[in-house]
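Enquirer: test case, fold it:
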Amino acid sequence: MLLLMGLFQRLLLSSCLLSCTSAYINGQPKDIQVVGATSQEWISGIRNGGSSINYKVSVKVLTDRAIAFDSIWVSGRRLKIAIENDMNSADIKSAKNEVVDLKAFDYIKSPDDNEIEKPDTFREPPVKLHGDALIRYYLGSSANYISIPTITVLPPIYGQ
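Expert: As a prediction, the model looks like this:
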């Protein structure tokens with residue numbers, strides 16, 4: 001009887017581990033894959049014109065389900081993230097096997113600080129950060145996270 005209970009516990013534990021990790025491949029979500037990430041400082045060419053750090057993350061969508069990108073945690077800050085060619089939204093209806101470019105802006109200085117959305121300064125990510133940044137995305141109502149191992153820093157851009 002004890003042998004059967006021990007076998008049952010092991011079977012239950014292994015099925016839980018399989019179901020808990022089935023959403024991941026090699027430690028990364030199976031829904032999306034980070035292809036690359038860059039950051040680049042932008043500095044206005046006019047006095048008191050402002051500056052920002054612009055982040056671009058390219059992800060490959062591996063699911064045919066609707067997906068929505070929400071936030072990126074980078075350098076101790078939480079920033080709103082959106083699709084590069086539609087800065088008002090980060091919802092994707094169907095893009096399986098497509099590479100999507102996501103953008104986020106961390107405004108360092110603005111000529112009119114009332115016009116920009118302020119990031120959540122020094123906000124801890126909801127899960128442990130493994131790498132340079134963390135993205136939160138939704139499949140249905142389920143929040144998911146993917147780490148960005150490395151962000152390549154590009155030379156600054158000086159505006160005109």
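
Enquirer: tell me where the model's unsure across the chain.
Expert: Counting by pLDDT under 70, the chain shows low-confidence ranges at 1-29, 85-91, 94, 109-123, 160.

Enquirer: for it, just list every one of the strands.
Expert: Counting by DSSP state E, the chain has strands at residues 24-25, 28-29, 32-43, 51-61, 67-74, 77-80, 82-83, 91-92, 99-109, 120-121, 133-139, 142-148, 152-158.

Enquirer: in a markdown table: those, plus distance to V127 and mean neighbour count.
Expert: Just so you know, the C-beta spots here come from the backbone N, C-alpha and C atoms, and that holds for glycine as well. Formatted as a markdown table, the strands of the chain follow (distance: least, C-beta to C-beta, whole Å; neighbours: other C-beta atoms under 10 Å):
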| stretch | distance to V127 | mean neighbour count |
| --- | --- | --- |
| strand 24-25 | 13 | 12 |
| strand 28-29 | 12 | 18 |
| strand 32-43 | 15 | 17 |
| strand 51-61 | 17 | 19 |
| strand 67-74 | 9 | 22 |
| strand 77-80 | 13 | 19 |
| strand 82-83 | 21 | 18 |
| strand 91-92 | 22 | 18 |
| strand 99-109 | 18 | 17 |
| strand 120-121 | 16 | 12 |
| strand 133-139 | 7 | 21 |
| strand 142-148 | 5 | 17 |
| strand 152-158 | 23 | 11 |
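
Enquirer: for the residue lying closest to Y145 once chain neighbours are set aside, grab the count of nearby residues.
Expert: The shortest distance from Y145 to any non-neighbouring residue, by C-beta to C-beta, 6 or more residues apart in numbering, is to V127 (5.0 Å). The tally of other residues near V127 (other C-beta atoms under 10 Å) stands at 13.

Enquirer: distance of V127 relative to P156?
Expert: As for V127, its distance to P156 is 31 Å (criterion: C-beta to C-beta, to the nearest Å).
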